[in-house]
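[1] 3D model of this:
(one chain, ligands or ions: 1)
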Amino acid sequence: MCPPNPTVDAKKPDPTRIPHRIETQRLVLRCYEPTDAETVRVVCAANREHLVEFMPWARADPQTLDEKLELVLGFRSQYDAGKNHIMGIFDGATGALVGGTGLHPGAARFGFEIGYWIIAEREGQGLVSEAVRALSLVALRLGHGMVTVRMAPENTRSEAVVERLGFRREGLVRNSFLFGDDPPRDTVQFTLLPAELEASDWVAATEASVRGFDALGRPVDLSRGAEQASSADSSP
Ligand SMILES: CC(C)(COP(=O)(O)OP(=O)(O)OC[C@H]1O[C@@H](n2cnc3c(N)ncnc32)[C@H](O)[C@@H]1OP(=O)(O)O)[C@@H](O)C(=O)NCCC(=O)NCCS
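    Model (predicted):
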């Protein structure tokens, strides 16, 4: 294990700057509120069979309202502390919960791992691709060095999402997915770097449609160079 490098770590972006609410063309991505607990309970119970093969946490469903409240309160406090940004995917028009995603601390030292799931009835509509485009833009434009997605080698639908967005396939990492007492599972890992975001054929349309807001509802600057501009502003 290497000792921390103060020179490099001093440049590490502040994870608490991740917006509390992200709006895309069709979606709202936001941290859960306690009042979402009943919706989370109903949606997770209804989608248990759809999710459980690749999302082992779904084995716990169905859960009670109090169990979901405890879960949501935990998500909320981790989000507010900038430790793990677990978000619901909500339909922008109706407000209905249609999936989950987030920017999670992952294997990458300066980046985030993006996870995702969508309810069965909204699969195949491009909503997950839309969410992943938005989260990649947010993370990389705010100065994080990399976004990573990993999935089971047999999860072809998940792989298609990141292939579509031009993530680079890094390869198979053996025994890299741990859940409870299960035997470790292999994952395939994909990454996107800042220069690849800027060179992508989707960044311009995503930039035009994605808006981020902080906890007070103030807009977050997601334009190219936003991170350098804000670092310069905060220099003594
Ligand atoms: C993996 C999973 C998230 C993929 O969801 P998805 O709906 O297939 O992904 P997208 O939202 O990007 O939709 C892609 C599909 O929508 C279509 N589509 C329609 N409009 C689109 C648009 N504007 N942009 C992109 N795709 C669009 C694509 O052609 C594609 O269709 P196809 O599946 O017939 O090829 C979903 O299958 C799931 O939740 N599985 C269970 C949980 C899971 O495995 N999570 C991932 C763990 S790593």
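
[2] and Arg150, how far is that from Gly124?
    Distance, Arg150 to Gly124, by C-beta to C-beta, to the nearest Å: 22 Å. For the C-beta atoms, the positions are set from N, CA and C on the backbone; glycine is no exception.

[3] neighbour-wise, which of those two wins?
    Between Arg150 and Gly124, counting by other C-beta atoms under 10 Å, Arg150 is the more crowded of the two (23 against 10).

[4] got a list of what Ala60 touches?
    Contact analysis of Ala60 by C-beta atoms under 8 Å, 6 or more residues apart in numbering lists Glu67.

[5] Buried residues of the helix or strand in which Arg169 is found, list them for me.
    If you go by DSSP states H and E, Arg169 is part of strand 168-177. Buried residues in strand 168-177, counted by 16 or more other C-beta atoms under 10 Å: Phe177.

[6] do that strand and the ligand meet?
    No: in terms of C-beta under 6 Å from any ligand atom, no part of strand 168-177 sits within range of the ligand; the closest distance is 9.2 Å.

[7] Show me how far that strand is from its chain's centre.
    Centroid separation for strand 168-177 versus its chain: 18 Å, with C-alpha atoms, centre = their mean, to the nearest Å.

[8] Met87 is in what secondary structure piece?
    Using DSSP H and E, Met87 sits in strand 85-91.

[9] what's the following helix or strand after that strand?
    The first helix or strand that comes after strand 85-91 along the chain, using DSSP H and E, is strand 97-105.

[10] which ones are touching Asn47?
    Asn47 makes contact with 58, 117, 119-120 under the criterion C-beta under 8 Å, 6+ apart.

[11] What's the ChimeraX line that selects buried ones from the residues you listed?
    Restricted to buried positions by 16+ other C-beta under 10 Å, the ChimeraX selection for these reads:
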select :58,117,119
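
[12] how about CSV for the contacts of Asn47, with secondary structure, distance to the ligand and pLDDT added?
    Below are the contacts of Asn47 laid out as CSV (DSSP: H, G, I helix; E, B strand; the rest coil; distance: C-beta to the nearest ligand atom, whole Å; pLDDT from 0 to 100):
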residue, secondary structure, distance to the ligand, pLDDT
Ala58, helix, 8, 98
Trp117, strand, 4, 98
Ile119, coil, 8, 98
Ala120, helix, 8, 98
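
[13] Asn175: which of the contacts of Asn47 is nearest?
    Ala58 (21.7 Å; C-beta to C-beta).

[14] The closest one contacts Ala45, doesn't it?
    No: between Ala58 and Ala45 there is no contact under C-beta atoms under 8 Å: 9.5 Å.

[15] What separation is there between Thr148 and Ile114?
    According to C-beta to C-beta, Thr148 and Ile114 sit 7 Å apart.

[16] Please disregard the earlier target; I meant Ala81.
    19 Å.
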